[in-house]
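Undergrad: Here's a sequence, model it:
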Amino acid sequence: MPKGDEVTVAQLCGKCRTQLSTFEIKKDNMMLVTADEIWCPHCNENTPEVRDMASRLETINRETASYPKAVPATPFTSGSSTTESEK
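TA: Numbering: from 1, shown residues only. Below you'll find the model as predicted:
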């Protein structure tokens, strides 16, 4: 299979979100929603399996880092508009 037709899916612990394994699958056969459980050695129990696209978080962080930085607004001042009563 060409690499372009495959994606890497990460299997995560549903309790502590630790990545437990990854596998490659054809895009057409990909299913991220599952009711399966997976053994987590960190939690020492079977937990709900969470599937996510591998490196998705890194891609999101890289994209948001490329956004232009927000510049704080400066207060609007309208010249010297003091009246006689303010003096």
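Undergrad: what about the strands in the protein?
TA: Assigned strands in the chain, in chain order: 6-13, 19-26, 37-40, 45-53 (criterion: DSSP state E).
Undergrad: Show the model's pLDDT score for the residue nearest in space to the middle of the chain.
TA: Nearest to the mean C-alpha position of the chain, by Cα atoms, centre = their mean, lies Leu57 at 3.9 Å. On the pLDDT scale, Leu57 is placed at 77.
Undergrad: List the contacts of Phe23.
TA: Contact analysis of Phe23 by Cβ atoms under 8 Å, 6 or more residues apart in numbering lists 8-9, 11. Heads up, the C-betas are built off the backbone N, CA and C, glycines and all.
Undergrad: okay, the strands of the chain in JSON lines with distance to Ser66 and mean pLDDT next?
TA: Compiled in JSON lines, the strands of the chain are given as follows (distance: least, Cβ to Cβ, whole Å; pLDDT from 0 to 100):
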{"stretch": "strand 6-13", "distance to Ser66": "23", "mean pLDDT": "90"}
{"stretch": "strand 19-26", "distance to Ser66": "25", "mean pLDDT": "90"}
{"stretch": "strand 37-40", "distance to Ser66": "34", "mean pLDDT": "94"}
{"stretch": "strand 45-53", "distance to Ser66": "19", "mean pLDDT": "92"}
